[in-house]
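> I'll drop the sequence and a predicted model, then ask my questions.
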Amino acid sequence: MIVSKIDLTRLRALAHHSHAVITEHQDAGGAYPAAPTFSAYKGYAWLRDGSFTAEGISRYGDVASADRFHDWADRVLRGRRTQVDDLCAAAARGERPADSTMLPTRFTFDGGDGSDPWWDFQTDGYGMWLWSVVSHAHRHGLDLERWRGGIDVAVDYLVAFWDRPCYDWWEEHVEQRHVSTLGAIHGGLTAIAPYTSVPVLEVAERIRSLVDAEGTRDGHLTKWLGSSAVDGALPACVVPFGLVTGDVGAATLAAVARDLDVDGGVHRFRADVFYGGGQWILLSALLGWNLAAAGDTAGAWRHLRWIADQASPEGDLPEQVAHHLLHPGARDEWIARWGTVASPLLWSHGMYLILADELGILPKNTSSARRPE
């Protein structure tokens, strides 16, 4: 696809700024804060946000920053070894540990639990981190043994609790088994399979069979098992997590585009009332990433440009924007509760770097993706 020099300069400048935002706010211990100034996120790091952010930074070529994040995640997980051993032992005895005893979804920068209530039991981030650390190691020829302790903890935890209902990517519906969560676990276990003696591929196949039986409708993936709705996170089950391919993957991307994509910006789900249900930067990048991988370069460029258009004058990317709100009457409630929408959101910037790499506009010495003409 032909890209004007002016457009390319603008898009590359946002990539450079994205790298700067992420590394400027990275904690000295390696954690990537979700958003440095947003009231509900400030002081916390998520494995989910951080794993995708680290992937963007790794693609950008900043090995040291990504290493520091993975070192932090490894320390956090190794510090939870006894907790995971106790949880797995309880499960082996046929007990069901309470949600409050499970590993948290977000951590303080020193690896501790949060001091305020949160929707904390989520398993997706542990699969995402396994995928992210393997991806980073492969890209830069690194030895995964550096992170072995944390890897083993994540593997044991997921093998024991992969099929348990928990909160989804959006910290909702703890009673459901979410397809996007199962996809993240599948992606992590298949990525780590060559580097562990634990039979993780057996679990990955059980996930695939379960989703095939209960997590598809009309040929595409659904928001949770038994649902008919779609979710903006579902493209991750195609790329990068490989839960589905072929016709089901294509139908899933088409369903998300049909139901949730407006002018290049992607909503989370139709019933979303968070800040009125706006369009999410990171989900636009996720769908664009999938389109690029499927050969729809023009579609991927559409999403990259839409994201760039949402940047502030300083180049910061928010969590979501208030275009085409699904439930505008709910927006003021959230502003009163938590303030204006999080910006910058490091996950948004990390996803922009991933899509920019897919389209070949990152520095040539750090990316091998397709290049614009």
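Structure received. Numbers count the residues shown, from 1 in each chain.
> The longest helix anywhere in the chain: how far from the chain's middle?
Assignment by DSSP state H gives helix 5-25 as the longest helix of the chain. Computed by C-alpha atoms, centre = their mean, to the nearest Å, the chain-centroid distance of helix 5-25 equals 20 Å.
> Start and end of stretch 334-349, how far apart?
Using C-alpha to C-alpha, to the nearest Å, the end-to-end distance of stretch 334-349 comes to 23 Å.
> Which positions within it qualify as buried?
For stretch 334-349, burial by neighbour count (16 or more other C-beta atoms under 10 Å) applies to 334, 341-349. The way it works is simple: take the backbone N, C-alpha and C, and place the C-beta from them, glycine included.
> and the longest helix of the chain, what other elements does it pack with?
Counting contacts by 3 or more C-beta pairs under 8 Å, 6 or more residues apart in numbering; DSSP states H and E, helix 5-25 packs against helix 47-60, helix 297-309, helix 346-358.
> can I get the buried residues of stretch 334-349 in TSV with pLDDT?
Below are these laid out as TSV (pLDDT from 0 to 100):
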residue	pLDDT
334	98
341	98
342	98
343	98
344	98
345	98
346	98
347	98
348	98
349	98
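> Same list (these) but as JSON lines, adding distance to residue 6.
Supplementary listing: the buried residues of stretch 334-349 in JSON lines, determined by distance: C-beta to C-beta, whole Å:
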{"residue": "334", "distance to residue 6": "37"}
{"residue": "341", "distance to residue 6": "29"}
{"residue": "342", "distance to residue 6": "30"}
{"residue": "343", "distance to residue 6": "25"}
{"residue": "344", "distance to residue 6": "24"}
{"residue": "345", "distance to residue 6": "27"}
{"residue": "346", "distance to residue 6": "27"}
{"residue": "347", "distance to residue 6": "28"}
{"residue": "348", "distance to residue 6": "23"}
{"residue": "349", "distance to residue 6": "22"}
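> re the thing from before, could I get the average pLDDT for the longest helix of the chain?
Averaged across helix 5-25, pLDDT comes to 95.
> pull the CA atoms of that helix into CSV?
Taking Å, rounded to 0.1, in the frame of the first residue of the first chain, the C-alpha atoms of helix 5-25 are listed here in CSV:
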residue,chain,number,x,y,z
LYS,A,5,5.6,10.7,3.4
ILE,A,6,3.6,13.2,5.6
ASP,A,7,1.4,10.4,6.8
LEU,A,8,4.3,8.1,7.4
THR,A,9,6.2,10.7,9.4
ARG,A,10,3.1,11.3,11.6
LEU,A,11,2.6,7.6,12.2
ARG,A,12,6.3,6.9,13.0
ALA,A,13,6.4,9.9,15.3
LEU,A,14,3.5,8.4,17.3
ALA,A,15,5.4,5.1,17.5
HIS,A,16,8.5,6.9,18.9
HIS,A,17,6.3,8.8,21.4
SER,A,18,4.6,5.5,22.4
HIS,A,19,8.0,4.0,23.2
ALA,A,20,8.9,7.2,25.2
VAL,A,21,5.6,7.2,27.2
ILE,A,22,5.9,3.5,28.1
THR,A,23,9.6,3.7,29.2
GLU,A,24,9.2,7.0,30.9
HIS,A,25,6.5,5.6,33.2
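> that older thread, could you redo the helices and strands packed on helix 5-25 as CSV and give each row distance to residue 140?
Shown next, in CSV, are the helices and strands packed on helix 5-25 (distance: least, C-beta to C-beta, whole Å):
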stretch, distance to residue 140
helix 47-60, 7
helix 297-309, 24
helix 346-358, 14
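> and residue 186, what helix or strand is that in?
Assigned by DSSP states H and E, residue 186 belongs to helix 179-192.
> ok, back up a step: in the longest helix of the chain, which residues are buried?
7, 11, 14-15, 17-19, 21-23, 25.
> One more: stretch 140-156?
Buried, per 16+ other C-beta under 10 Å, within stretch 140-156: 142, 144, 147, 150-156.
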